[in-house]
Every structure is written in C-alpha cells, then in structure tokens.
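> return atomic coordinates for the entry below.
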Amino acid sequence: MLSLANLLRGNSYIIEFYFDQRIHNLESSIIEAKLHGFDTHFEPIKTKIKGSAITKDFGQVLLYRPFVFIRRVFNELKICRRIEFGFKEVLIKRSINLVITPLNSVGYNIPVYLNVCKNLNIKTVCFPFAFGDKDALIKSLVFSNKSNAKYLLNSVFIPFFKKWTLNLNNEKYLILPAEQLVTYFFKNINVKYPFSFYGVYIDYIFLENEYMLRHATEQKLASNCVKLTGSIFDDSIFNIQFNKNKNYNDICLKYGWDSNLKLLVIGLPPFVKSGELDLRFLSVDELLLKFIPFEIKNWNVIISPHPRINKNELSALVLKDNMRLIDESVENFLPLANLFISTFSSTIRTAIGLGKAVINYDLLNFNYLIFNEIKGVVKVNNSREYEFLLKKIDQDGDSFLTERIDESDTYLYGSNFDGKSNQRILNEIKQISC
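This next block holds a predicted model:
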C-alpha cells in the first residue's frame, strides 16, 4: 500500500491513510506512513468484554451464554457505529473521492468501510497484493474457537446464516462468530461470497495477470469490474531483472560476498508465537532453525521476514557471514535468486513468474492446495525431507530443480513483467477518479 501511495503521490494525487484497528503491526505501520509524509487517520476501538462464557463450568455456561452473546452483539454494533462515524467523518471532511483497499481478509472490517463508501457514493478499488485462497481459509476455520458450533450461540444461528456455514467432517463451522453476523444483518452489510477473499462488493478490482484472474474467478468474484494491471512491484522487478548481473555484483560487494556463489532467498512465514492461542507456531529462533537447520556453505543467503513478524524479535539473531536478514520487500531480491524457499507465500507467484526454482516448505503441515499444480514448485512436508533436500542443493547445486520449471507457468504468472505495470495502474486510477 505504501508503494502504491508513493506512486500516486508522485503523479499529483493527494493520498491519506486510514488504519483499521485489526491491522498487523499497527503502530509500526502508522509510524512508517508518517515517515513517508502521509496524513494518517486512526481511532482505537476497545473490543474487550468483561466475563467470558468459556471460563465458566458447563452448567453455568448454558445459562450464561445468552447474556454474553447479547453483550457481544451490542459491543460489535458499537464498534461498527464507531468505525462508520469515524470513517464517514474523514471521507466528508477531506473530500475523498476514491478509496483503495487491500484484499478482504475474513474478520477484518473492510465490508464495514465499503458499506460507508457505498452509502456516500464514493468509488472503491481493491488492490490485492497477495493471494486469498479459500482452501487455506477453510482449513484454518477448524482451529478457530469462534467458528466452532459450540461457541456461544453459533449453533442456534447456523440455520439463519447458511451461506456463512461450512460443513466439514460432519461438523459445522461459521466463518465469523454469530454475534458479528447478527451485527452485519442489523447494519445491512452484505458479503456476496463469504468464503472468497474476492467476495465483497466493490466497484473495481486490479489483478496482476490472467492467472490471478483465473484464481479469483474460481474463488468467486463479486467485483463489478476487473482490470489486469500487473503488480505495483512488477516494474522494479523488471528493472532489477534487466540489470541482473550488475545488481547482484553490487549486493555481493555491499555484503562482502563471493559473487561466484548462487543466491538463495528465504521468505520466513508469519508463524511466530504472539500469544497463548498460537500453539502451533514457533519462536523466531525456532522458525529460523527450521529453515536453516545446518550451515549452508555454498550459497549466499538472504532471509526476508514476513511483515507480520515483529522486527524487534529479529535484532538478537546471529547469522553467518554469507547470510543477511533484510528489511525490505523480498520482491527486490527474487530476480537475483536462483532458488526461493517459503511456505505458501503469495511471493511464490512472483518467483514462478521469474522462472525460479521454488521449495514450498509446509513445516506445519497445513497441506494447502495452492501452487500444488506448478511443476517448478517442490512441496516438502516434513523437516527430515527438507533437510535432506537442502543438503543436496548445498552440495550438488539446484540443476535437478531448475529442470522442473515449465515455461508456460512462467509466462502465466509473469505475463506483466514488461516495465509498464505502473503506467497501467495510473491510467486506470485516472479513468476511475475523473
């Protein structure tokens, strides 16, 4: 979003940020936007309610649940009203005529903001910088306490919210807790396809290429108008790729590396513990050890942490001389990489488009379907298999991986790496905002 904002500001648009309370790394994101000179808007909203049905014994729960549920409905309505009032006030006072949102992640407040825009006749654009995959969403619902039929009054409301209900392994789950769905009902907030990240009503959606359009269509697409523009990063990727040898030599000179060694880029996933509910997740040290289980000697290695990982937790990590932890977009290094390793990251699509060998390390056994059909992506399901593969690559090189790459996949994912994506984005924004 910051890259898009800088592009638009550089072309005479006045850009402001409105931050939602549920954004990851909220404080650091606001600070970063301010450092770039953007006006920011944020109104903190308290969501915690005293008392919990889960803390009572079973006999008390049956009596207590309706009261907790009612309180939570009123709390959700209060939050919704606060969001509507604050956002509407900014839109009117600042004379905003276009709102750009990221992908609609389940549980976030984007449908509320879009409802305000609709009521004010303000045009809306969704720019999804990542894949939103229904299979991953469905599999994550099983681990969500608030989606379970036994949570508060979910089982009572399941018959009334059928399109929000998932039937899996003879169990029923709500994609959102009933108190939030009741709030949506009272506030007339409609999501056409709840199980799709592209399922919320919006005027325009900018997608990167034909593959992303195909993926979004399969997931269910509610947008009125789709534009294939390319990604905000495509032009920088194109320029880095164009001068690949010089750019890699410059990085090796900067880090004191041997430029004869190939580059391995690792995209650390956001599977870091941040609370008691993150039982499946790991500490930063454990996560790094999972991806680098031994000393890699024959590659230069760049490690790019997911933006959700708190940068303060990375400061104490000690790495070998041929490894660097970076604090910038991983897309800037993928054109220079010979091999990319991550876990179901949306950036895998960029690596595929660039014709890079990819290892998709499913270290937590999520078993998502995305990228399974791509020949150049090797999926590894356990640490023993991963360590064996990484040792083979360190000792023998990656030729057996690059042989798997299919040029048709490369074209499909990288069809807009032509240096013209930013201009396409600007042209579409100009037409919409006129």
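> that's a strand at Asn239, yeah?
No - residue state for Asn239 (DSSP: H, G, I helix; E, B strand; the rest coil) corresponds to helix; a strand is not indicated.
> surely it meets Lys420?
No - counting by C-beta atoms under 8 Å, no contact exists between Asn239 and Lys420, whose distance comes to 11.8 Å. Just so you know, the C-beta spots here come from the backbone N, C-alpha and C atoms, and that holds for glycine as well.
> what about these two, which has more around it?
A side-by-side neighbour count of Asn239 and Lys420, using other C-beta atoms under 10 Å, places Lys420 first with 15 against 12.
> pretty sure that one sits against Thr229.
No - counting by C-beta under 8 Å, Lys420 stays clear of Thr229, with 9.5 Å between them.
> what are the buried residues along stretch 426-434?
For stretch 426-434, a neighbour-count test (16 or more other C-beta atoms under 10 Å) marks Leu426, Glu428, Ile429, Ile432 as buried.
> okay, and which of these map to strands?
Secondary-structure check on the buried residues of stretch 426-434 using DSSP state E: no residue lies within strands.
> which ones among the residues you listed are found in helices?
Leu426, Glu428, Ile429, Ile432 (DSSP state H).
> out of the residues you listed, give me the two with the largest separation.
Distance extremes for those: the farthest pair is Leu426 and Ile432 at 10.9 Å, using C-beta to C-beta.
> how about the nearest residue to Pro269 once chain neighbours are set aside, what does it touch?
With C-beta to C-beta, 6 or more residues apart in numbering as the criterion, Pro269 has its nearest non-adjacent residue at 4.1 Å, and that residue is Thr343. For Thr343, the contacting residues are Gly267, Pro269, Phe271, Asn360, Tyr361, Asp362, Leu363, Leu364, Phe366, by C-beta atoms under 8 Å, 6 or more residues apart in numbering.
> just these now: which is nearest Leu174?
Phe366 (20.9 Å).
> just to be sure, Arg214 is in a helix?
Yes - residue state for Arg214 (three-state DSSP) corresponds to a helix.
> for it, give its distance to Arg404.
As defined by C-beta to C-beta, to the nearest Å, Arg214 lies at a distance of 22 Å from Arg404.
> Leu317 now?
Applying C-beta to C-beta to Leu317 and Arg404 gives a distance of 32 Å.
> how about Val226?
Between Val226 and Arg404 the distance, using C-beta to C-beta, works out to 31 Å.
> so between these two, which is more surrounded?
Neighbours per residue, other C-beta under 10 Å: of Val226 and Arg404, the larger number sits with Val226, 17 against 14.
> any idea how far the more buried one lies from Asn119?
In this structure, Val226 lies at 24 Å from Asn119, with C-beta to C-beta as the measure.
> quick one, domains of this structure?
43-231+419-433, 239-414 (automatic domain parsing).
> got TSV for these, with distance to Leu2 and mean pLDDT too?
Written out in TSV, the entries for the domains of the chain read as follows (distance: least, C-beta to C-beta, whole Å; pLDDT from 0 to 100):
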stretch	distance to Leu2	mean pLDDT
domain 43-231+419-433	11	89
domain 239-414	10	90
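> same list, those, but as CSV with distance to Ala33 please.
Listed next are the domains of the chain as CSV, based on distance: least, C-beta to C-beta, whole Å:
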stretch, distance to Ala33
domain 43-231+419-433, 14
domain 239-414, 13
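> which one of those domains lies nearest to Ile31?
Taking C-beta to C-beta as the measure, the domains of the chain were each checked against Ile31, and domain 239-414 came out nearest at 11.5 Å.
> determine how far the last residue of that closest one lies from the first.
14 Å (C-alpha to C-alpha, to the nearest Å).
> how far does that domain sit from its chain's centre?
Its chain's average C-alpha position is 17 Å from that of domain 239-414, according to C-alpha atoms, centre = their mean, to the nearest Å.
> so what's Arg349 up against?
When contacts are counted by C-beta under 8 Å, 6+ apart, Arg349 is found next to Phe131, Glu208, Tyr211, Met212, Phe371, Tyr413.
> at 10 Å instead, please
Arg349 makes contacts with 130-131, 208-209, 211-212, 215, 231, 358, 370-371, 374, 377, 412-414, as judged by C-beta atoms under 10 Å, 6 or more residues apart in numbering.
> of all those residues, which two lie farthest apart?
When C-beta to C-beta is used, the two most widely separated members of these are Ser231 and Val377, lying 18.8 Å apart.
> and the two? Which one has more around it.
Looking at Ser231 and Val377 with other C-beta under 10 Å, you find the greater number of neighbours at Ser231, namely 27 against 23.
> and the more buried one, which of the three is it?
Going by three-state DSSP: Ser231 is coil.
> nice, that's everything, thank you.
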